[in-house]
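>>> The sequence and its predicted three-dimensional model are supplied below.
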Amino acid sequence: MCYLQRHKYNVAIMQLSTGISPMAGGAYLAARTVAPRVEDHFARHFDAARQRGQEPVASLPDARTIEAIIDAAFWASLRREESYVPKISLALIAPSQATHPLVFEQPLPLGASALARVAPAVERAGIHLGVWRERDELKVWGTTSTIPTYCFVLEVAGPGLLVIKHHRGEESGKFVNVAVLEGDQIKIVDEHASSLPDCPPLLTSLLGFDSPASWVDSVNVLVQLAVSMRAHKRGGALLVVPAGTESWRESIVRPIPYAVSPPFSALVELLSATPDERRHLWHESLGRAVDAIAGLTAVDGATVLTDRYEVLAFGAKIVRRARSPQVEQVSVTEPIEGSVAAIVHPSSLGGTRHLSAAQFVQDQRDGVALVASQDGHFTVFAWSPCETRVHAHRVETLLL
């Protein structure tokens, strides 16, 4: 099926799933459904920030504004500008709240047509279209690369695929995802998922609802690695093992085709930088190092990384450790409201990569395995002492 045929098919399916057509000028029903819940989320976190003595600089979004932004972004996502899929990020922010904004002489209407036309200018990561109300009408006033903490952001990730998120104050940190909308499907991120027993620190940081003190660099490096692994779209596996140990080798076929000696320690050196050193292109250097390591995971086999972020090998083949049982069951959860835990065979989560990652964690219980699928799914495997089995955390909703 060619691109144009596939696009027409996707648009037709999207229209059927929502029960309305953009040509009819109808409203996107999911926008009305989710808007009050998103308003409640931001209101609670604004109150929590004030109780901590932090006065949010961003403006609190109301349900009417949220619904209007979602509706416009949804219909824009189904349009094409010179055959390209619109990729835009909308931020609810006044021009006066932005630093060095690019301000249009004439604001644009918040509509699908205008958003699709301007999309090519703002498709690069980190550039947001600023939206604000003028004379009781929402307008796109320009662009900005800086937004305040808790600023409402809506990202168009694909046709009919929208992600509601907010900034959490870190210069290069992953935004906090609040909800994901795809056609008539609404996924609200469960804020309390990180309080479950045996929740891996990576998942806690991805959820991002805890105290900012929990957003430490050591955890966020894994978050950035997960995002970068998913971005290369080739699929991959990353095994995180305790530094200074060798037991992980019992679960790897030897010789390892791409062993690294001495260990690649670029991330270790970057994370040991002083605050003064971090002011000078540090984030760019960190991003390049993260992408370099994530790129290794595209090679067939697994990349092995210590919990100090030293690369030990890539292209490693996982094997069941001698005298260890075959992994037969894993618990599966997704940090989405209403999601129910299930116990399944690991092969149901994906192919050989998922099965071998689950086997590795069962045999190496102090290790963690991150697995990216080519279709965008992302799973974190960790041992659960409470359940005495491998726990698979499906986190792709948090990585969008």
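Sure, I can see it.
>>> Do me a favour and get the backbone dihedrals for residue 184.
The phi and psi torsions at residue 184 (degrees, to the nearest 10) take the values phi -90, psi 10.
>>> Number of residues surrounding it?
Neighbourhood size, residue 184 [other CB atoms under 10 Å]: 15. For glycine as for every other residue, the C-beta is placed from the backbone atoms N, C-alpha and C.
>>> That one contacts residue 29, doesn't it?
Yes: contact criterion CB atoms under 8 Å: residue 184 and residue 29 qualify, at 7.1 Å.
>>> Please, which helix or strand holds the nearest residue to residue 290 once chain neighbours are set aside?
Nearest in space to residue 290, with sequence neighbours left out and distances taken as CB to CB, 6 or more residues apart in numbering, is residue 224 at 4.7 Å. Assigned by DSSP states H and E, residue 224 belongs to helix 217-231.
>>> Name the next helix or strand downstream of that helix, please.
Sequence order places strand 236-241 as the next helix or strand after helix 217-231, per DSSP H and E.
>>> what separates that next one from the chain centre, distance-wise?
In terms of CA atoms, centre = their mean, to the nearest Å, the centre of strand 236-241 is found 18 Å from the chain centre.
>>> Partner strands of that strand and their direction?
In the sheet, strand 236-241 lines up against strand 302-306 (parallel), strand 368-372 (antiparallel) (DSSP bridges).
>>> Nearest to residue 343, out of these?
Closest to residue 343 of the strands paired with strand 236-241, according to CB to CB: strand 368-372, at 18.3 Å.
>>> Looking at that closest one now, give me its mean pLDDT.
Per-residue pLDDT over strand 368-372 has a mean of 95.
>>> I'd like to know which elements the following helix or strand past that strand is packed against.
Where DSSP H and E defines the elements, the next helix or strand beyond strand 368-372 is strand 378-384. Applying 3 or more CB pairs under 8 Å, 6 or more residues apart in numbering; DSSP states H and E, one finds that strand 378-384 contacts helix 217-231, helix 352-363, strand 368-372, strand 389-394.
>>> can you put the strands paired with strand 236-241 in a markdown table and add mean neighbour count and distance to residue 179?
Shown next, in a markdown table, are those (neighbours: other CB atoms under 10 Å; distance: least, CB to CB, whole Å):
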| stretch | mean neighbour count | distance to residue 179 |
| --- | --- | --- |
| strand 302-306 | 26 | 31 |
| strand 368-372 | 27 | 22 |
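>>> Which parts of this structure are helices?
Under the criterion DSSP state H, helices of the chain are mapped to 3-18, 29-51, 63-77, 112-118, 201-207, 217-231, 266-271, 282-296, 352-363, 396-399.
>>> Quick check: can you list the domain ranges of this protein?
The chain breaks down into these domains under automatic domain parsing: 3-188, 198-399.
>>> need the least confident one among those domains, by mean pLDDT.
Note on these: lowest mean pLDDT is at domain 3-188, with a mean of 84.
>>> just to revisit the earlier point, tell me which of the helices of the chain sits nearest to residue 382.
helix 352-363 (6.4 Å).
>>> how big is the angle separating the closest one from strand 302-306?
Computed by axes from the mean of the first three to the mean of the last three CA atoms, to 10 degrees, the angle separating helix 352-363 from strand 302-306 equals 40 degrees.
>>> And helix 352-363, how far out from the chain middle?
Distance, centroid of helix 352-363 to centroid of chain: 23 Å (CA atoms, centre = their mean).
>>> Which elements pack onto it?
Using 3+ CB pairs under 8 Å, 6+ apart: helix 352-363 touches strand 236-241, strand 302-306, strand 368-372, strand 378-384, strand 389-394.
>>> Flag every buried residue along it.
353-363 (16 or more other CB atoms under 10 Å).
>>> what helices or strands is the helix holding residue 224 leaning on?
helix 201-207, strand 236-241, helix 266-271, helix 282-296, strand 368-372, strand 378-384, helix 396-399.
>>> Alpha carbons of the last one, in CSV - could you do that?
Backbone C-alpha positions of helix 396-399 (Å, rounded to 0.1, in the frame of the first residue of the first chain) are rendered in CSV as follows:
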residue,chain,number,x,y,z
GLU,A,396,5.5,3.5,25.7
THR,A,397,2.6,5.8,26.7
LEU,A,398,5.1,7.7,28.9
LEU,A,399,7.7,8.0,26.1
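>>> what's it in contact with?
With CB atoms under 8 Å, 6 or more residues apart in numbering as the test, helix 396-399 has contacts from 174, 177, 180, 187, 189, 203, 206-207, 226-227, 230, 334-336, 376-378.
>>> mind redoing it with 10 Å?
Contacting residues not belonging to helix 396-399 are listed as 163, 165, 174-177, 179-180, 182, 187-190, 193, 202-203, 205-208, 223, 226-231, 334-336, 339, 372-373, 375-379 [CB atoms under 10 Å, 6 or more residues apart in numbering].
>>> starting at the chain centroid, how far to it?
Helix 396-399 sits 4 Å away from the centroid of its parent chain (CA atoms, centre = their mean).
>>> mind listing what residue 307 touches?
By CB under 10 Å, 6+ apart, residue 307 lies in contact with 218, 222, 240-245, 366-368.
>>> May I have the beta-bridge partners of residue 305?
Under the criterion used (DSSP bridges), residue 305 bridges to residue 240, residue 311.
>>> What separation do you get for it and residue 64?
46 Å (CB to CB, to the nearest Å).
>>> ditto for residue 99
From residue 99 to residue 64 the distance is 28 Å (CB to CB).
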